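> need a structure here:
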Amino acid sequence: MSNALEVTNLKASIGDLEILRGVDLTVPFGEVHAVMGPNGSGKSTLCHALMGKSDYETSGDALVDGVDIMGMTVDERARAGLFEAFQYPTEIPGVTLNDLTEAMAASNPDDDGYAARESATTKTLSMNPFRERFVNVGLSGGEKKRSEMYLLGVAKPKMAILDEIDSGLDIDAVREVAAMVEAMRSDDMGILIITHYSRILRYMDVDKVHVMVNGRIVQSGGPEVAEELESGGYTELQAANAR
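As a prediction, the model looks like this:
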């Protein structure tokens, strides 16, 4: 069986600036993995490169459920099963969450499970008060992340990348978002969380933690890796993996 995500020797640069220097990463279906690292280590660039952001020149391989996505456009990658939840969700005045989910259904009319997913996700995340509101307009940080998790649940991708979903949240909202991620976990989806801190991981059943330094994954292990970083920081790893 193929993995939800399999990345091999992924490199990314902007002009002469090399940011990703050969990333190897595998996320099996049904698992939640986390990528941690200091500022400037390449975590967000990993997300952007996988999603196909045009700023970057890339090389290497990235497979979603065994399908090579690297030559695809952003929308083709989404249709192949790749989803991104944003660090700073965009406000979309004039467009409601219902509008977005109806567009999802229209773009994939053969998806027989859509109606059941929408109903179940609405109930699980208590989304009825938000569905007729403009996307993310006037919402708190935690409410915006709830909207992101709602779209994730309705879309039901093969691979979800959650880019710093704990950014700017208070401790109660962090717990709430962690619970939402756990509620979205399923055997036919992989989840990759990109984060600076271990706090959100304390409220989740994370299968593996990867540490990125200077554009490479330099350490992988269980949840204990995150706690070690919280107490010891990145200094030693940065020194050992200097450019």
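> Quick check: bridge partners of the nearest residue to residue 208 once chain neighbours are set aside?
The shortest distance from residue 208 to any non-neighbouring residue, by C-beta to C-beta, 6 or more residues apart in numbering, is to residue 33 (4.8 Å). For the C-beta atoms, the positions are set from N, CA and C on the backbone; glycine is no exception. Legend: beta-bridge partners of residue 33 under DSSP bridges are residue 192, residue 208.
> which secondary element of this structure has the worst mean pLDDT?
helix 235-240 (a mean of 74; mean pLDDT, DSSP states H and E).
> what packs against that helix?
The helices and strands touching helix 235-240, judged by 3 or more C-beta pairs under 8 Å, 6 or more residues apart in numbering; DSSP states H and E, are strand 208-213, strand 216-221.
> which stretches of this protein form helices?
43-51, 74-79, 97-107, 114-124, 141-155, 171-184, 224-232, 235-240 (DSSP state H).
> What lies in contact with the fourth one?
Outside helix 114-124, the residues that touch it by C-beta atoms under 8 Å, 6 or more residues apart in numbering are 101, 104-105, 108, 127-128, 131, 150, 153-154, 156, 183.
> Return the residues in contact with the closest residue to residue 87 other than its chain neighbours.
Spatially, and ignoring its direct neighbours in sequence, residue 87 is nearest to residue 164 (4.0 Å; C-beta to C-beta, 6+ apart). Going by C-beta under 8 Å, 6+ apart, residue 164 touches 43-44, 87, 194-196.
> who wins for proximity to residue 239 among the helices and strands packed on helix 235-240?
Ranking those by proximity to residue 239 (C-beta to C-beta) places strand 208-213 first, at 9.6 Å.
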